[in-house]
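Novice: what shape does this take:
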Amino acid sequence: MLVKTYSSAVLGVTATTITVETHTDQGVNFYLVGLPDSAVKESQHRIVAALRNNALKWPGFRITVNLAPADIRKEGSAYDLPIAIGVLAASQQRDFPDLQQYLILGELSLDGGLVPVKGVLASVLQARKEGFKSVILPEENAREAAMVSGIKVFGAANILQTVEHLSGEKPMEALRINIEDEFRKKAIEPSFDFSEVKGQSNVKRALEIAAAGAHNVLLIGPPGAGKTMLAKRMSGILPPMSMQEALETTKIHSVAGRLEKGQSLVAERPYRSPHHSISDVALVGGGGYPQPGEISLAHNGILFLDELPEFKRTVLEVMRQPMEDRKVTISRARFSVDFPASFMLVASMNPCPCGYFNHPSKDCVCAPGAVQKYLNRISGPLLDRIDLHVEVSPVSFDEIAKTEMAESSEAIRERVVKARELQNHRFEKSQGIYANAQMHSRQLREVCALDKSSRDLLKLAIERLNLSGRAYDRILKVARTIADLEGSSSIKADHVAEAVQYRSLDREAWVS
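Specialist: From the prediction side, this is the model:
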């Protein structure tokens, strides 16, 4: 007898529906075909134990299971449950009348319990797209799956509960979640606030501009000046995530297996801070069966690289293309996958090996040429892709001793949100663009027109600082963001002047 159940394979952040064909015939062997990996091949042993521990039988027939399409590699343990259901149906131990309406996912433990699996959100989104009415999966994955409207989600604790539901003996209740309420509940206030930061008004202004236009920013200053403290508070002034952004981010974290137990939605903007010993594959993603890296886990949020020159040069260089394209493509001989990577890069570094070059009170003890050599660890093309270079100076005692609180993150965020609303309206007809930093050349010419005084000022700055064409574009984008923060419809000379000063840390200007 032939029975078909349906499951899902996740490649990148997209899912493909897999037809699990189970055929029984005379004989006693078990064959599993359709390009399964080791975890899938081992499913027979888990299924046999799970069935026997729940008063069900492993049939004494020859069983052939085909995972179609057979040219897609099947990875992971999520096929345990659909294979087990197919075996029970094909051996006529149970009758499951509406099996074709269900997408089934789940790993089996030896006692028949269902263990949560990765990539559930992507699988359920694809199932809804293909017209499936219901999905059965481990109950720990149910809240995540229920974020997809238009499809019934049944969370089962074990295989026996699944069998009784599919046979109609004891139907389960579909899990229903108010998505908007769940979204609001998860969107908690950030833990760190700019009101706790003493002084550093110029740096706060630069970070506000960066947040308003989704610009990359580099903080450079001596140890203890507050670079990491400021970076940690950046996520608190970014605009709240939309529902669409939350679902995109959740899907990536689900595929990577980074959702916490019981977590249904990532409603806060991600803040990823990998150690400088990270490998290039861990940063951009990859592996034999590609998984998202840190830049994709930071999608719609912030990637913070502390002590930027300490990262391996190869690691930093692989970020160049994703920073421009806002996605990373992992290619293999038989396939390629795209991972989203629309993140804000916030980086920090000391100005030299000892950390005290240009310090107001401490002398730099580095050898001649050491500052230039230290800065050379960051390539010119990568530095060009960072819109704002901000010098962070030590805070004086008088500033530290002040008792009054500084401006709060909430007040800064209000201005950022207003600026982003202007940009959303400006780019509403441009697909995939929602902030000034993401403008292409055509949009740049349309929305960043300069008058004569602004153009002359920019020309002088480009010639004196010996900046590249990409740096020219970056200055225009930052100037446009500064104008948006002021509510100005046009870019003025003072907007250009402020934008130019954030390029003052380019190599020649800084070392001289």
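Novice: C-alpha only now, for contacts and for neighbours.
Specialist: OK.
Novice: quick one: the strands in the stretch 351-500 of the chain?
Specialist: The residue ranges that make up the strands of the stretch 351-500 of the chain, judged by DSSP state E, counting those that start in this stretch, are 388-391.
Novice: show me how the chain divides into domains.
Specialist: Taking automatic domain parsing as the criterion, the chain consists of the domains 2-177, 186-435.
Novice: give the partner strands of the longest strand seen in the chain in its sheet and their orientations.
Specialist: Secondary structure assigned by DSSP state E gives strand 14-25 as the longest strand of the chain. Strand 14-25 has the following strand partners under DSSP bridges: strand 2-11 (antiparallel), strand 62-68 (antiparallel).
Novice: looking at these, which is closest to Phe304?
Specialist: Taking Cα to Cα as the criterion, strand 2-11 is the member of the strands paired with strand 14-25 that comes nearest to Phe304, at 27.0 Å.
Novice: just how off-centre is the closest one within its chain?
Specialist: When distances are taken as Cα atoms, centre = their mean, to the nearest Å, strand 2-11 is centred 27 Å away from the chain's centroid.
Novice: with just CA atoms, put that strand into PDB.
Specialist: Provided in PDB are the C-alpha atoms of strand 2-11 (Å, rounded to 0.1, in the frame of the first residue of the first chain):
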ATOM      1  CA  LEU A   2       1.200   3.500  -0.800                       C
ATOM      2  CA  VAL A   3       0.600   6.500   1.500                       C
ATOM      3  CA  LYS A   4       1.700  10.100   1.200                       C
ATOM      4  CA  THR A   5       2.400  12.500   4.000                       C
ATOM      5  CA  TYR A   6       3.900  15.900   3.700                       C
ATOM      6  CA  SER A   7       6.800  17.600   5.500                       C
ATOM      7  CA  SER A   8       9.200  20.400   4.700                       C
ATOM      8  CA  ALA A   9      12.900  21.000   3.900                       C
ATOM      9  CA  VAL A  10      14.500  24.400   4.700                       C
ATOM     10  CA  LEU A  11      17.300  25.700   2.400                       C
END
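Novice: list the contacts of that strand.
Specialist: Identification of contacts with strand 2-11 by Cα atoms under 8 Å, 6 or more residues apart in numbering yields 15-24, 74-75, 78-79, 82-83, 85-86, 89-90, 99-100, 102-105, 119, 122-123, 255, 290, 337.
Novice: stretch 202-209 now?
Specialist: When contacts are defined by Cα under 8 Å, 6+ apart, stretch 202-209 is touched by residues 215, 217, 230, 234, 237, 388, 390-392, 412, 416, 478, 481-482, 485.
Novice: how about that stretch: buried residues?
Specialist: Buried positions in stretch 202-209, judged by neighbour count with 16 or more other Cα atoms under 10 Å: 203-204, 206-209.
Novice: what's the closest of these to Gln501?
Specialist: The shortest distance between Gln501 and any of the buried residues of stretch 202-209, using Cα to Cα, involves Ala206 and amounts to 10.4 Å.
Novice: in terms of helices and strands, where is that closest one?
Specialist: Assigning secondary structure by DSSP states H and E places Ala206 in helix 201-213.
Novice: following element in sequence after that helix, please.
Specialist: Using DSSP H and E, the helix or strand that directly follows helix 201-213 along the chain is strand 217-220.
Novice: other SSEs contacting that following strand?
Specialist: When contacts are defined as 3 or more Cα pairs under 8 Å, 6 or more residues apart in numbering; DSSP states H and E, strand 217-220 sits against strand 344-349, strand 388-391.
Novice: what sits up against the helix or strand following it?
Specialist: The C-terminal neighbour of strand 217-220 among helices and strands, as given by DSSP H and E, is helix 227-232. Helix 227-232 is touched from outside by 192, 194, 197, 204, 219-221, 304, 306, 346, 348, 392, with contacts defined as Cα under 8 Å, 6+ apart.
Novice: re the thing from before, closest to Leu450 out of the strands paired with strand 14-25?
Specialist: Once the strands paired with strand 14-25 are compared by Cα to Cα, strand 2-11 is nearest, at 45.6 Å.
Novice: nearest to Met172, out of the strands paired with strand 14-25?
Specialist: Evaluated over those, closeness to Met172 peaks at strand 2-11, with 18.9 Å, by Cα to Cα.
Novice: quick one on the thing from earlier: the domains of the chain into TSV, with extra columns for distance to Cys448 and mean pLDDT?
Specialist: Output for the domains of the chain, formatted as TSV (distance: least, Cα to Cα, whole Å; pLDDT from 0 to 100):
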stretch	distance to Cys448	mean pLDDT
domain 2-177	35	94
domain 186-435	12	89
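Novice: let me have those in a markdown table, extended by distance to Tyr472.
Specialist: Below are those laid out as a markdown table (distance: least, Cα to Cα, whole Å):
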| stretch | distance to Tyr472 |
| --- | --- |
| domain 2-177 | 35 |
| domain 186-435 | 9 |
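Novice: which stretches in the stretch 301-450 of the chain count as helices?
Specialist: In chain order, the stretch 301-450 of the chain shows helices spanning 313-317, 320-325, 370-375, 380-384, 397-401, 409-426, 441-447, with DSSP state H, counting those that start in this stretch as the criterion.
Novice: what helices or strands is the longest one leaning on?
Specialist: The one in question is helix 409-426. helix 201-213, helix 469-486.
Novice: pretty sure Arg62 sits against Gly27.
Specialist: Yes: judged on Cα atoms under 8 Å, Arg62 makes contact with Gly27 at a distance of 4.3 Å.
Novice: for the helices of the stretch 301-450 of the chain, which one sits closest to Leu265?
Specialist: Within the helices of the stretch 301-450 of the chain, the stretch nearest Leu265 is helix 409-426; the backing value is 22.3 Å (Cα to Cα).
Novice: what does that closest one contact?
Specialist: Counting by Cα under 8 Å, 6+ apart, helix 409-426 makes contact with 193-195, 208-209, 211-213, 233, 236-239, 434-436, 481, 484-485, 487, all of which sit outside it.
Novice: tell me how many other residues crowd the spatially closest residue to Val266 that is not a sequence neighbour.
Specialist: The spatially closest residue to Val266, leaving aside those adjacent along the chain, is Thr250, at 5.1 Å (Cα to Cα, 6 or more residues apart in numbering). When counting by other Cα atoms under 10 Å, one arrives at 25 neighbours for Thr250.
Novice: sec struct for Thr250, please.
Specialist: Under DSSP: H, G, I helix; E, B strand; the rest coil, Thr250 falls in the helix class.
Novice: surely it touches Gln263?
Specialist: No: in this structure Thr250 lies outside contact range of Gln263 using Cα under 8 Å: 9.5 Å.
Novice: correct me, but Ala449 touches Ile491?
Specialist: Yes: under the contact definition of Cα under 8 Å, Ala449 touches Ile491, with a separation of 7.2 Å.
Novice: please say which of the two ends up with more neighbours.
Specialist: Ile491 (21 against 15).
Novice: now render the buried residues of stretch 202-209 as JSON lines, adding distance to Tyr356.
Specialist: Putting the buried residues of stretch 202-209 into JSON lines (distance: Cα to Cα, whole Å) gives the following:
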{"residue": "Val203", "distance to Tyr356": "18"}
{"residue": "Lys204", "distance to Tyr356": "22"}
{"residue": "Ala206", "distance to Tyr356": "22"}
{"residue": "Leu207", "distance to Tyr356": "23"}
{"residue": "Glu208", "distance to Tyr356": "26"}
{"residue": "Ile209", "distance to Tyr356": "27"}
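Novice: out of those, which is nearest to Val33?
Specialist: Within the buried residues of stretch 202-209, proximity to Val33 (Cα to Cα) peaks at Leu207, which comes in at 54.5 Å.
Novice: I'd say Ser296 and Phe339 touch.
Specialist: Yes: distance between Ser296 and Phe339: 6.3 Å, which falls inside the contact criterion (Cα under 8 Å).
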